[in-house]
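1. Sequence unavailable; structure follows:
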């Protein structure tokens, strides 16, 4: 059975050991909004979904596409309490890690299907943008036939 968006969000939140209140503080919403979202009674805006995806280290497509896969980015945090600022830092680190996965995928042989590869790698930046930004031409991404 396919999981709903709220169920996927709840699963990621529970797996990360965060409370609804902590997530609400990080996303700048009320805790009841998180509760209703997890029960599929409310919807998140794209901005909030992007912020949540960064925190959990998954592509935004994980919330919107039932076929999208998720490869967790493990991290350890030693703290008695976690603040919204701590979660901002974790999200920033996850963005770097996701883009690193994407770049490693490019170096392993290129991207023949950009959308599929971005979903697998969890990248927020398209291969086209990476090529333009770093001056990489297609001849370096694909082996000669």
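-> Noted; the coordinates are in hand. What you see is a predicted model; the values in this text were computed from it and never measured.

2. Before we move on, what's the pLDDT of the residue nearest to residue 64 when sequence neighbours are not counted?
-> Using C-beta to C-beta, 6 or more residues apart in numbering and skipping the chain neighbours, the partner closest in space to residue 64 is residue 5 (7.0 Å). C-beta here means a position set from N, CA and C on the backbone, and glycine is covered the same way. For residue 5, the model assigns a pLDDT of 83.

3. Now do residue 5 against residue 66, distance only.
-> Separation of residue 5 from residue 66 (C-beta to C-beta, to the nearest Å): 9 Å.

4. So if I had to pick from the two, which one is more boxed in?
-> residue 5 (18 against 12; other C-beta atoms under 10 Å).

5. Can you give me the distance of that one to residue 83?
-> 26 Å.

6. Please apply the same query to residue 38.
-> Separation of residue 38 from residue 83 (C-beta to C-beta): 22 Å.

7. Look at these two and report which has more neighbours.
-> Neighbour count, other C-beta under 10 Å: between residue 38 and residue 83, residue 38 has more, with 21 against 12.

8. Quick check: that one touching residue 6?
-> Yes - with contact defined as C-beta atoms under 8 Å, residue 38 counts as touching residue 6 (4.6 Å).

9. What sits closest to the residue nearest to the spatial centre of the chain if chain neighbours are left out?
-> Centroid-nearest residue in the chain, with C-alpha atoms, centre = their mean: residue 58, separated by 2.5 Å. Spatial nearest neighbour of residue 58, excluding adjacent residues (C-beta to C-beta, 6+ apart): residue 70 at 4.7 Å.

10. Which secondary structure elements does the longest helix seen in the chain sit against?
-> The residue-count maximum for a helix in the chain (DSSP state H) belongs to helix 84-107. Applying 3 or more C-beta pairs under 8 Å, 6 or more residues apart in numbering; DSSP states H and E, one finds that helix 84-107 contacts helix 20-27, helix 46-56, helix 114-121, helix 127-134.
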